[in-house]
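Participant: Provided below are the primary sequence and the corresponding predicted coordinates.
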Amino acid sequence: MSALDHVWKRAGGFAFPSEYETGGPDSGTVTHHGMSMRDYLAAKAPISLFDAMQAAGLGCDLKYQLQHQTMGDGDLFKAHSALCYQWADAMLAEREKQ
């Protein structure tokens, strides 16, 4: 499966595809596929860092976590990213039902 097929079939297609003509001696059509719909939805997920802290079992006091260094390196951001992509996957799955 090509990279383009993967984005189209597994990631919901492209969010902002575009094509334009170039001028001059190297004229032709340039295609930009943009980001995948999955990446776009994950970036727009309404999930806060506090939601991610609770989901990762880190509590909800960010100041305490930072002062006492109870979080592992990058744990909070890994949890946040995972939740955002789970939300995006659920959105794409629901769209497939339509």
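Facilitator: Perfect, thanks for sending it.
Participant: Leu76: helix or strand, and which one exactly?
Facilitator: helix 75-97 (DSSP states H and E).
Participant: Which segments of this structure make up each domain?
Facilitator: Domain assignment for the chain by automatic domain parsing gives 1-36, 45-98.
Participant: Worst mean pLDDT among the ones you listed?
Facilitator: Here the lowest mean pLDDT among the domains of the chain goes to domain 1-36, at a mean of 70.
Participant: Show me what the helix or strand containing Arg38 packs onto, helices and strands only.
Facilitator: Using DSSP H and E, Arg38 maps to helix 37-44. In terms of contacts (3 or more C-beta pairs under 8 Å, 6 or more residues apart in numbering; DSSP states H and E), helix 37-44 is packed against helix 75-97. To be clear about C-beta, it is placed using only N, CA and C from the backbone, and glycine gets the same treatment.
Participant: pull the CA atoms of the helix it packs on into CSV?
Facilitator: Below are the C-alpha coordinates for helix 75-97, written out as CSV (Å, rounded to 0.1, in the frame of the first residue of the first chain):
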residue,chain,number,x,y,z
ASP,A,75,4.4,11.2,30.1
LEU,A,76,1.8,14.0,30.1
PHE,A,77,2.3,14.8,26.4
LYS,A,78,2.3,11.2,25.4
ALA,A,79,-1.0,10.7,27.2
HIS,A,80,-2.4,13.9,25.6
SER,A,81,-1.4,12.8,22.1
ALA,A,82,-2.9,9.4,22.6
LEU,A,83,-6.2,10.8,23.8
CYS,A,84,-6.4,13.2,20.9
TYR,A,85,-5.8,10.4,18.3
GLN,A,86,-8.4,8.2,20.1
TRP,A,87,-10.9,11.1,19.7
ALA,A,88,-10.0,11.5,16.0
ASP,A,89,-10.3,7.8,15.4
ALA,A,90,-13.8,7.8,17.0
MET,A,91,-14.8,10.8,14.8
LEU,A,92,-13.7,8.9,11.6
ALA,A,93,-15.4,5.7,12.7
GLU,A,94,-18.7,7.6,13.2
ARG,A,95,-18.3,9.3,9.8
GLU,A,96,-18.0,5.8,8.2
LYS,A,97,-21.4,4.9,9.6
